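> Give me coordinates for this.
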Amino acid sequence: MVDASHKLVVTPGEKQNGDASKQDLQQALRQSRDSEARLRKIIDTIPALAWCNLSDGSNDFVNQRWSDYTGLSQEEVKQVGCKVAIHPEDLPRWLDQWRALLASGAGGEIEARLRRHDGDYRWFLIRVQPLQEESGEILRWYGTNTDIEDRKRAEEKLREDEREIRRITDAIPQTIMVQNPSGVPIYANQAVLDYTGLTIDDVISSDFRARIFHSEDLERLHDEREAALVRGLPFEFEQRALRKDGRYRWFLIQYNPLRDEHGAIMRWYATGTDIDDRKRNEERTQNENLVLREEIERSSMFEEIVGSSEGLRQVLAQVSKVAPTDSTVLILGETGTGKELIARAIHNLSKRSTRAFIGVNCAAIQPALVTSELFGHEKGSFTGAFQRRLGRFESADGGTIFLDEVGELPPETQVALLRVLQEREFERV
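The predicted model follows:
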């Protein structure tokens, strides 16, 4: 209180109140220090490297686990910053991402390698979160570093295993494709790329099947393929695939599903085997068998040539002379004198004897069908041409064709026939 002379006088009651306030303040300070010590102990105990930075990004403190791992004390970190523990290769990227977080004012994650006290580096996931006032001003940045070395090694092992599998599949001389559950390509091995001349981006595009497979086969197999994908069982098709040189070849495409632990299809694996030679041989054999059956029925009565005249011996000597050659042979004689028997004798003595002998009675073929019968036709080339058909010349490829009564052919057909005999090539109708 103040007396009449304006001097400050402390009464006993006021002194007691002041002492009490001082004691309260000291107790509050002790409680605050105890609370801070407990909080620091908690922070030091959590199983992660924890730290706090000021609003400008400079370090405020790190927990004991951070210091134990890096070997850097609290004072050293405040002086040089935590960036000294970042792997040199990761530091530029870490700085860019850290600065981006500071600028955005939002939390985030960064992956980087931290140096351990023994000099070894391990991968860590650095999670950052800002502490803000109600006004939005950032007071502190809090973060934890979690060791993800084992996870990163497992990921690298998976990537290496995947690269090894790709190297193995690329070394297999068979086309291999991986498709999603709907049958859309997501990967192709090197054999596919080499055959088609496409890139992997072309293969996984939506129009890949239309670009590669023959339109007739796509139309023929579309519904069957969709139904097979829904059934989820292994299946296979034979279809033609376009080679990079513009030619189609037949492939056997075999599909096998990969399922997860619940039985759901995760992937389809499709392998392609080139069967073009087999298909062509099958087609050739079918045509030869058909012709042979016709010939057997027509010529079963002629098993051998019987005769001993001088003229016949001269003819047989000429047969033996011309049979080893690939020359065109003209056989003259009246109807019924055995021209076909001579032709068969030439065939049997030649190196073509293991292939077909095709006999054609030109006089018995309708004029309108002569060209198609001799040279074959493509599907749709005329009314009634529902599929491609090989002509007699193509069926006789590698063997012998005998054209009887060739003089009965129309003049325009004889011109085309002369071109075939001279140049050894023809075109289907």
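
> Flag every buried residue along stretch 150-162.
By neighbour count on 16 or more other Cβ atoms under 10 Å, the buried set for stretch 150-162 is Lys152. C-beta: built from backbone N, CA, C; applies to glycine.

> cool, and stretch 188-198?
So stretch 188-198, judged by 16+ other Cβ under 10 Å, has buried residues 188-193, 195-196, 198.

> Thr70 and Asp120: what is the separation?
When Cβ to Cβ, to the nearest Å is the yardstick, Thr70 and Asp120 sit 11 Å from each other.

> Can you pick out the residue with more neighbours from these two?
The residue with more neighbours, out of Thr70 and Asp120 and counting by other Cβ atoms under 10 Å, is Thr70; that gives 20 against 10.

> I'd assumed Gly119 was in contact with that one.
No: with contacts defined as Cβ atoms under 8 Å, Thr70 does not count as touching Gly119, sitting 10.9 Å away.

> want to throw the buried residues of stretch 188-198 into CSV with pLDDT, secondary structure and distance to Ser182?
Rendered in CSV, the data for the buried residues of stretch 188-198 read as follows (pLDDT from 0 to 100; DSSP: H, G, I helix; E, B strand; the rest coil; distance: Cβ to Cβ, whole Å):
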residue, pLDDT, secondary structure, distance to Ser182
Ala188, 92, strand, 16
Asn189, 92, coil, 20
Gln190, 91, helix, 24
Ala191, 92, helix, 23
Val192, 93, helix, 19
Leu193, 93, helix, 22
Tyr195, 94, helix, 24
Thr196, 93, helix, 21
Leu198, 93, coil, 21
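
> Distance to Lys279 for those - can I get that in TSV?
Shown next, in TSV, are the buried residues of stretch 188-198 (distance: Cβ to Cβ, whole Å):
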residue	distance to Lys279
Ala188	23
Asn189	23
Gln190	25
Ala191	19
Val192	20
Leu193	24
Tyr195	17
Thr196	19
Leu198	23
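
> Ranking helices and strands of the protein by mean pLDDT, which lands last?
helix 12-45 (a mean of 63; mean pLDDT, DSSP states H and E).

> Does Leu118 lie in a helix or a strand, and which?
No, residue 118 isn't Leu; it's Asp. Here Asp118 is covered by no helix or strand, with elements defined by DSSP states H and E.

> And the helices in the stretch 151-300 of the chain?
Listed in chain order, the helices found in the stretch 151-300 of the chain under DSSP state H, counting those that start in this stretch are 190-196, 200-203, 208-212, 215-231, 276-299.

> Among those, show me which one is buried the most.
Of all the helices of the stretch 151-300 of the chain, helix 190-196 carries the top mean neighbour count, a mean of 19, counting by mean count of other Cβ atoms under 10 Å.

> mind giving me the domain split of the protein?
12-149, 172-274, 278-423 (automatic domain parsing).

> Out of the ones you listed, flag the one nearest Ile165.
Shortest separation from Ile165 across the domains of the chain is recorded for domain 172-274, at 10.0 Å, computed as Cβ to Cβ.

> wait, is Asp60 part of a strand?
Yes: using DSSP: H, G, I helix; E, B strand; the rest coil, the assignment for Asp60 is a strand.

> excluding its backbone neighbours, what's nearest it?
In space, and not counting its chain neighbours, Asp60 is closest to Cys52: 4.5 Å by Cβ to Cβ, 6 or more residues apart in numbering.

> Just list what the helix or strand harbouring that neighbour packs against, helices and strands only.
Using DSSP H and E, the secondary-structure element containing Cys52 is strand 49-54. The elements that strand 49-54 packs onto, with contact taken as 3 or more Cβ pairs under 8 Å, 6 or more residues apart in numbering; DSSP states H and E, are strand 59-62, helix 64-70, strand 138-147.

> what's the helix or strand where Val77 lies packed up against?
Assigned by DSSP H and E, Val77 belongs to helix 74-80. Taking 3+ Cβ pairs under 8 Å, 6+ apart as contact, the helices and strands that helix 74-80 lies on are strand 59-62, helix 64-70.

> any low-confidence regions in the stretch 1-150 of the chain?
Residue ranges of the stretch 1-150 of the chain with pLDDT under 70: 1-37, 39.

> and the gap between Ser205 and Ser73?
For Ser205, the distance to Ser73 (Cβ to Cβ) stands at 58 Å.

> before we move on, back to that, need the overlap of contacts for Thr70 and Gly119.
For the pair Thr70 and Gly119, no residue contacts each of them under the criterion Cβ atoms under 8 Å, 6 or more residues apart in numbering.

> Could you pull out the buried residues of stretch 46-55?
Neighbour counts using 16+ other Cβ under 10 Å place 48-51, 53, 55 of stretch 46-55 among the buried residues.

> hmm, back to that, looking at the helices and strands packed on helix 74-80, spot the one closest to Ile172.
When those are ranked by proximity to Ile172, the top entry is helix 64-70, at 46.9 Å, counting by Cβ to Cβ.

> So what's the gap between the closest one and the chain middle?
Computed by Cα atoms, centre = their mean, to the nearest Å, the chain-centroid distance of helix 64-70 equals 47 Å.

> Quick check: Tyr187 touching Thr175?
No: under the criterion of Cβ under 8 Å, Tyr187 is not in contact with Thr175, lying 11.9 Å apart.

> neighbour count winner among those two?
More neighbours surround Thr175 than the other of Tyr187 and Thr175, with 22 against 17 (other Cβ under 10 Å).

> If the more buried one is in a bridge, with which residues?
Taking DSSP bridges as the rule, Thr175 bridges to Gly272.
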